[in-house]
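**Q** Let me see the structure of the following:
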Amino acid sequence: MKLWMSSETSREVLNEDQSTQLRLARNFVKDKINLKIEDISYEIPLDSWDCIIVMMGDDSFEERTIYSMKKRDMDFRLKIDHAEFNSTDALGQQKLIFEMLMRSLDLLKEKFTKVKPKLPHTIYDELENLKADVLSVANSNGWI
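**A** Residues are numbered from 1 along each chain as shown. Predicted structure coming up:
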């Protein structure tokens with residue numbers, strides 16, 4: 001499994017320095033998690049764990065959670081509160097990104113249930129294994 005991340009931001013809520021802080025925090029979290037999970041083949045119907053961080057003006061963008069079992073693809077665009085992000089240090093920013101990623105896995109589980117209600121329990125077990133591995137990374141980096 002591999003985690004892929006990007007972000008959609010607005011100058012309305014992040015200045016250039018804050019955008020750089022977001023990029024650095026996002027890449028740090030992504031790289032730490034990928035070190036743990038990229039060589040593990042989780043038996044879940046997904047080729048890549050894809051998440052986009054959204055930090056826009058309050059009314060300018062809704063979250064999106066699209067999952068296709070047929071394509072084994074996800075397009076999750078999840079918000080992080082920009083005021084909270086801008087008011088914390090690097091570790092706090094990493095924690096916010098980690099929390100968004102954990103929420104994405106919870107939402108993915110919901111999508112599995114909606115798309116195909118009778119999935120084998122082993123798929124949910126594998127998703128829990130992925131979550132456990134991510135939690136271990138979070139624990140070792142002080143995100144929890």
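**Q** buried sites along the helix or strand that contains T113?
**A** Per DSSP states H and E: T113 is located in helix 90-115. Of all the residues in helix 90-115, those buried under the rule 16 or more other C-beta atoms under 10 Å are 93-98, 100-105, 107-109, 111-112. C-beta here means a position set from N, CA and C on the backbone, and glycine is covered the same way.
**Q** for stretch 124-142, same thing?
**A** Buried, per 16+ other C-beta under 10 Å, within stretch 124-142: 126-127, 130-131, 133-134, 137-138, 141.
**Q** Nearest to E84, out of the residues you listed: which one, please.
**A** A138 (17.7 Å; C-beta to C-beta).
**Q** Now for that closest one: which residues touch it?
**A** 98, 144 (C-beta atoms under 8 Å, 6 or more residues apart in numbering).
**Q** Let's test this: mean pLDDT of the helix or strand hosting it, rounded?
**A** Counting by DSSP H and E, the element that carries A138 is helix 121-141. Helix 121-141 carries an average pLDDT of 98.
**Q** same question, stretch 71-86
**A** 95.
**Q** for stretch 39-59, same thing?
**A** Per-residue scores along stretch 39-59 average to 92.
**Q** Output it as PDB, nothing but the C-alphas.
**A** Backbone C-alpha positions of stretch 39-59 (Å, rounded to 0.1, in the frame of the first residue of the first chain) are rendered in PDB as follows:
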ATOM      1  CA  ASP A  39       6.000  -2.800   1.400                       C
ATOM      2  CA  ILE A  40       2.900  -4.400   2.900                       C
ATOM      3  CA  SER A  41       0.200  -5.800   0.700                       C
ATOM      4  CA  TYR A  42      -3.100  -5.200   2.600                       C
ATOM      5  CA  GLU A  43      -5.800  -7.300   1.100                       C
ATOM      6  CA  ILE A  44      -8.300  -4.500   0.600                       C
ATOM      7  CA  PRO A  45      -9.900  -3.400  -2.700                       C
ATOM      8  CA  LEU A  46      -7.700  -0.300  -3.100                       C
ATOM      9  CA  ASP A  47      -4.500   0.300  -5.100                       C
ATOM     10  CA  SER A  48      -3.400   3.500  -3.400                       C
ATOM     11  CA  TRP A  49      -4.600   5.400  -0.300                       C
ATOM     12  CA  ASP A  50      -5.200   8.900  -1.800                       C
ATOM     13  CA  CYS A  51      -6.100  11.900   0.200                       C
ATOM     14  CA  ILE A  52      -6.200  15.600  -0.500                       C
ATOM     15  CA  ILE A  53      -6.100  18.100   2.300                       C
ATOM     16  CA  VAL A  54      -8.500  21.000   1.700                       C
ATOM     17  CA  MET A  55      -7.900  24.400   3.300                       C
ATOM     18  CA  MET A  56     -10.100  26.900   1.600                       C
ATOM     19  CA  GLY A  57     -12.400  29.700   2.800                       C
ATOM     20  CA  ASP A  58     -15.300  28.500   5.000                       C
ATOM     21  CA  ASP A  59     -17.900  28.200   2.300                       C
END
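**Q** Brilliant, that's me finished.
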